[in-house]
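Visitor: Just the structure for this:
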Amino acid sequence: MSQRQLKINGEDKTVDVPDNMPLLWVLRDVLGMTGTKYGCGIAQCGACTVHLDGRAIRSCQMPVSAVGSRAITTIEGIGKTPTGARIQKAWLDEEVVQCGYCQSGQIMSASALLATTPKPDDADINAAMAGNICRCGTYVRIRAAIKRAAEGEQPT
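Guide: Predicted coordinates:
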């Protein structure tokens, strides 16, 4: 066990956890931030996606010791960013969610995409969203929501 300082959604958090504990379990089990989901545990489904210094990563395979001083953004904090707020509004406007289990990871990947590529084409969207699996098959609505958010519609 070792004590670590983490910056999560702009707030400093101190945790006392094993170095090899996945970031996902630190977020969910230690800090009670359950918006980030466990899916496959092998970084293949995208349900556990968070941002590390703005880059989408799979938290189920990221040991907390590898985070260092980088900023973590979770689904609980993404709506505080202009891009995240646009994505969340577009998700609602396009009625993307069915069961909702994968949606936090989908939103985190889409937000990272728009932060680096404000006007993505279909190839950009495909590349950024590859590995984010939706059992309900809402991929058409996910793509429409990303495009809507990219058009710059501001949240109301």
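Visitor: hey, let's count contacts and neighbours off CA atoms from now on
Guide: Noted.
Visitor: What ranges does this protein have for its helices?
Guide: Along the chain, the segments classed as helices by DSSP state H run 23-25, 75-78, 82-93, 103-116, 122-129, 139-150.
Visitor: Distance-wise, check the residue nearest to the spatial centre of the chain relative to residue 58.
Guide: The centroid of the chain falls nearest to residue 108 when counting by Cα atoms, centre = their mean (2.7 Å). Distance of residue 108 to residue 58, computed by Cα to Cα, to the nearest Å: 10 Å.
Visitor: any shared contact partners between these two?
Guide: Shared contacts of residue 108 and residue 58, defined by Cα atoms under 8 Å, 6 or more residues apart in numbering, are found at 49-50.
Visitor: residues touching the closest residue to residue 39 other than its chain neighbours, list them.
Guide: The spatial neighbour of residue 39 that comes closest, neighbours along the chain excluded (Cα to Cα, 6 or more residues apart in numbering), is residue 47 at 5.4 Å. Residues in contact with residue 47 (Cα under 8 Å, 6+ apart) are 36-39, 101-106, 132-133.
Visitor: What of residue 9?
Guide: 71-74, 76-78.
Visitor: if I look at the closest residue to residue 133 other than its chain neighbours, how far off is residue 151?
Guide: Using Cα to Cα, 6+ apart and skipping residues adjacent in sequence, the residue nearest residue 133 is residue 45, 5.1 Å away. Distance, residue 45 to residue 151, by Cα to Cα: 27 Å.
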